[in-house]
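[1] One predicted model, sequence on top.
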Amino acid sequence: MDFDIKIPIYLQIMDRIKKDIISGRLQRGDKMPSVRALASELQVNVNTIQRVYQELEREEVVFTLRGIGSFITEDEEIVQRIKQEMAYEILESFVQGMRELGYDSETTLVALKKHMEVKPEWNY
């Protein structure tokens, strides 16, 4: 995993795990790798992964069974909430970027629709 130096590593790892859950690469109820195994795989400090798991548990994305491990939530509502939150963040960033370019709401919608229908020609 390549990390963006502008964003804390633990947040990037959390986002990756959430995207893997939303996309189905990780299934509800799946056991997560151990902290040490994931730290080794991603080549980050174990404390970073410990924080990732703590934050994911706080957000109810994972739950821990003492002595057994951490597991992905089985609650579909939580998975849908994560999906909606992540979609909102992407859309918010897109809209802000378009505003910074001087696009109004209507022109932004036209550009988005055109982009989704055909390959963009960049002449919005």
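    Received it, and whenever you're ready, just let me know what you need.
[2] which SS class is the closest residue to Lys83 other than its chain neighbours?
    For Lys83, ignoring the flanking residues on the chain, the nearest one in space by Cβ to Cβ, 6 or more residues apart in numbering is Ile22 at 4.9 Å. In short, each C-beta sits where N, CA and C put it, glycine included. Secondary structure, DSSP: H, G, I helix; E, B strand; the rest coil: Ile22 is helix.
[3] So which other helices or strands are in contact with the helix or strand harbouring Glu77?
    Under the criterion of DSSP states H and E, Glu77 resides in helix 76-100. Contacts defined by 3 or more Cβ pairs under 8 Å, 6 or more residues apart in numbering; DSSP states H and E place helix 76-100 against helix 9-23, helix 105-117.
[4] Now do the residue nearest to Lys83 against Glu77, distance only.
    Distance of Ile22 to Glu77, given as Cβ to Cβ, to the nearest Å: 13 Å.
[5] Phe63 belongs to a strand, doesn't it?
    Yes: using three-state DSSP, the assignment for Phe63 is a strand.
[6] related to what we said a few turns ago, for the helices and strands packed on helix 76-100, which has the smallest mean pLDDT value?
    Ranked by mean pLDDT, the helices and strands packed on helix 76-100 end with helix 105-117 at the bottom, a mean of 91.
[7] Around the spatially closest residue to Leu26 that is not a sequence neighbour, how many other residues sit close by?
    Nearest non-adjacent residue to Leu26, counting by Cβ to Cβ, 6+ apart: Asp20, 4.3 Å away. Residues lying near Asp20 (other Cβ atoms under 10 Å) number 14.
[8] Thanks a lot, catch you later.
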